[in-house]
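A.B. asks: need coordinates for the following:
(2 chains)
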Amino acid sequence: MPKPAEKSTVKKPVGAQPENPAQLIVDGKVADNQWNLLPLTGEEEITADKLAAGKIILPASVWLALREALQDRQQEIGVWLDSDETADLIGEYASELPLIAAHFPAFTDGRGFTAARLLRERYGFTGEMRAVGNFIRDQLTYLTRCGFNAFAFQGDQPLSGLTESLRDFSDSYQAAVDQPLPIHRRRALA
Amino acid sequence: MYRYDEQDHKLIRERVAQFRGQTERYLAGELSEEEFLPLRLQNGLYVQRLAPMLRIAVPYGLMNSTQVRRLAHITRKYDKGYAHFTTRQNVQLNWPNLEDVPDILAELAEVEMHAVQTSGNCIRNTTTDQFAGVAGDELVDPRPYCELIRQWSTFHPEFAFLPRKFKIAVCGTEEDRAAIRAHDIGVQIVKNDQGETGFQVFVGGGLGRTPILGVAIRDFLPETHLLSYLEAIVRVYNQLGRRDNKFKARIKILVKAMGPEEFARRVEAEWEQIKDGADELTVEAIQWAKRFFPEQPYKSFKAGHGEAVLRDQAGGDKAFARWLERNTFPHRVEGYQAVTLSTKPTGIPPGDVTDRQLEAIADLADEFSFGEVRVTHEQNVVLADVEQEKLFELWQVARKHGFATPNIGTLTDMICCPGGDYCSLANAKSIPVAEAIQRKFDDLDYLYDLGDLDLNISGCMNACGHHHIGHIGILGVDKKGEEFYQVQLGGSANQDASLGKVLGPSFSRDEMPATIGKILDVFVENRQPEEFFIDTYNRIGLQPFKERVYAKAS
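C.D. replies: Numbering: from 1, shown residues only, chains lettered A, B, ... in the order given. Here you go, the predicted model:
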């Protein structure tokens, strides 16, 4: 008789899961996607030994459960945060990770902007910060300012034209990841 | 007032170019309706019942005469020759074409104006007291802080897609003329025992369908920490505010659900992490902002001279005396007075002005008030720095242009949303109700005898007409497809802020003037000398009003 399952700490999927397109924009250029994103299934328990080889982006709750077991694969294990998961779920571990993705279930859900800023500014994350899900090109400037450098657009739109929107603004009022000094400090120095 | 430097100009120009591209993509079918919606909202563009509506930002209500003339030109060229002042001290156009909006924004940018974040789920225009800088009871001029908040909140990359709209108001006086406790964040300027400037911070206020007054989560915030503290509050809200139900998404719901103590604890914990970072205001930054709001080049007058002239003129002209009493406000500088131009003569939708009137306002500002104009949250216009000796002359010109209705602060100086005549959200029309009440109570002696009385009308529970904080509040409701009006009494927007209580079952539009008449009768019969409506109401309560209004005919 199978043992009753232990209470799982793995998150149940809520709504649509992020897609993992074959190409994306990284550092302003169209690039091939090297990573395989694992969506939340809510079904079988994922274990370290069952994970495929190669670069994998795990749901945050899965990664938290497997972190110790995956120590020797550090450079090929990334993490994705759902929009209701805050940056402190990863916290100081961020500096060990090569990639973190933030999921936008809808482009009007702005929680990922805060998550990225905190990962960069508070938790010392220096790897690839990737937007996944339903964000739109008109958000590229703000996403970049908050620390994203990779954009995995869903659907089939030609990526090359989208990079124009990275340059909508050439200056800013506030401090953010791309500009550590707010305008009031820069003006005071001038 | 604040003037753009090259960086401001560049940012606003780039924003216009960005929106031009987005509009073109939308018109070409490359940007979906759903995707275009929040983008156009954050550029001030609504699509309403009859046409698009463009809300233009007037930061903390302050404009110069050049900007006002440009607005006049825009209403003529792109609209139907009039504009509307809103309760957020902004200006609205009711009939622009969507295709023209990028051109309108480009014309605005030339005179240092924009429509950025006047709508949408982002940080909106910061508002303050219309008498900032001239009020006698002012601790510190709030405008430099408002400008610093404007710059911090404009294009804030982290907070452009909040759970819901977010409004901040700043007040620098003891009497709250900015309704700060009805805002998502209310900032009250205070001084501590050492005489240092700081802020008392209220959070979680708001009107709409769940009216709540903000609660203080910090009693003294040193002034250098203003922006870092705001950032901490909005960051906590952005992470934890509800996104599953638009009617439960405002910060007030989060604060209430979590409890103000727990919310404050989380804000303080976040703030601890960032307070000494780049967002901390340096002394130089505060001084830089203050330089834009210097003392005006006031003349010096002999004490009492101006008053004597006015007494004389008022003695010989009752109409002038009435205007002087209601439409002017004391100034902290000897020989000066502030003037409110009323946009509420009977028969005109409250807050509406024509292109010619806008030009007249600009001329009056140039001639009498250092070229500056302020929009009030009561939807009127203030000229803040007028020499007392010139008030009579100003009054005559204002009268010619229809701005001198001497009703400021009285029953007929109503706050009124555009309502069902224009707005697709409204359950009922509000403008015809305002007009019917103005027509019934057009006897100035009676209005003056009633004294200060705020009557606020909203056409639906989104409460753009601030009906919860009117002494008398009127709310349009829909009953089986028919327009009805609910009456509330006892609201107040000042430092003793309170929310009105519902009187009872609602009324048809025809019944409204008589209903207001009965409410006023109860007040007049019960008032003690020197009492205003709100004082009598607070003393005798709702019951006597209820009995009279719903009495069966015998």
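
A.B. asks: C-alpha only now, for contacts and for neighbours.
C.D. replies: Noted.

A.B. asks: phi first, then psi, for the spatially most central residue of chain A.
C.D. replies: Nearest to the centroid of the C-alpha atoms of chain A, with distances taken as CA atoms, centre = their mean, sits residue A:101, at 1.3 Å. Main-chain dihedrals, residue A:101, degrees, to the nearest 10: phi -110, psi 150.

A.B. asks: tell me, how many neighbours does residue A:164 end up with?
C.D. replies: Applying other CA atoms under 10 Å in any protein chain shown, we find 14 residues neighbouring residue A:164.

A.B. asks: then residue B:393?
C.D. replies: 11.

A.B. asks: phi and psi next, for it.
C.D. replies: Here residue B:393 shows phi and psi, under degrees, to the nearest 10, equal to phi -60, psi -40.

A.B. asks: picking that back up, the residue nearest to the centre of chain A against residue A:77, yeah?
C.D. replies: No. If you go by CA atoms under 8 Å, residue A:101 and residue A:77 don't touch, sitting 11.5 Å apart.

A.B. asks: residues shared between the contacts of the two?
C.D. replies: residue A:57 (CA atoms under 8 Å, 6 or more residues apart in numbering or on different chains).

A.B. asks: where do the strands sit along chain A?
C.D. replies: Taking DSSP state E as the criterion, chain A contains strands spanning A:23-26, A:29-32, A:36-37, A:56-59, A:77-81, A:99-104, A:128-133, A:150-153.

A.B. asks: so which of those gets nearest residue A:187?
C.D. replies: Ranking the strands of chain A by their distance to residue A:187 (criterion: CA to CA) puts strand A:128-133 first, at 30.3 Å.

A.B. asks: report the distance from the closest one to the chain centre.
C.D. replies: In terms of CA atoms, centre = their mean, to the nearest Å, the centre of strand A:128-133 is found 4 Å from the chain centre.

A.B. asks: which residues touch that strand?
C.D. replies: A:17-20, A:98-106, A:116, A:147-154.

A.B. asks: same thing with stretch B:463-470?
C.D. replies: B:87, B:207-209, B:211, B:415-417, B:454-459, B:473-475, B:488-493, B:497-500.

A.B. asks: mean pLDDT for the strands of chain A - can I get that in a markdown table?
C.D. replies: Below are the strands of chain A laid out as a markdown table (pLDDT from 0 to 100):
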| stretch | mean pLDDT |
| --- | --- |
| strand A:23-26 | 96 |
| strand A:29-32 | 96 |
| strand A:36-37 | 96 |
| strand A:56-59 | 96 |
| strand A:77-81 | 97 |
| strand A:99-104 | 98 |
| strand A:128-133 | 98 |
| strand A:150-153 | 97 |
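
A.B. asks: residue B:509 contacts residue B:483, doesn't it?
C.D. replies: Yes. The pair formed by residue B:509 and residue B:483 meets the contact definition of CA under 8 Å, at 7.4 Å.

A.B. asks: and the longest helix anywhere in chain A, what does it pack onto?
C.D. replies: In chain A, assigned by DSSP state H, the helix with the most residues is helix A:111-121. Helix A:111-121 sits against strand A:99-104, helix B:226-240, with contacts defined as 3 or more CA pairs under 8 Å, 6 or more residues apart in numbering or on different chains; DSSP states H and E.

A.B. asks: tell me which parts of chain A are close to chain B?
C.D. replies: Within chain A, the residues that sit near chain B (CA under 8 Å from any CA of the partner chain) are A:84, A:86, A:108-111, A:113-114, A:117, A:136, A:141-143, A:145-146, A:168-176, A:180-182, A:184-185, A:187-188.

A.B. asks: from the residues you listed, keep the buried residues only.
C.D. replies: Neighbour counting over the residues of chain A next to chain B (16 or more other CA atoms under 10 Å in any protein chain shown) leaves A:84, A:86, A:108-111, A:113-114, A:117, A:136, A:141-143, A:145-146, A:168-169, A:172-176, A:181-182, A:184-185 as the buried ones.

A.B. asks: distance check, the closest residue to residue B:177 other than its chain neighbours against chain A.
C.D. replies: Among residues not flanking residue B:177 along the chain, residue B:129 sits closest, at 5.2 Å (CA to CA, 6 or more residues apart in numbering or on different chains). Separation of residue B:129 from chain A (CA to the nearest CA, to the nearest Å): 24 Å.
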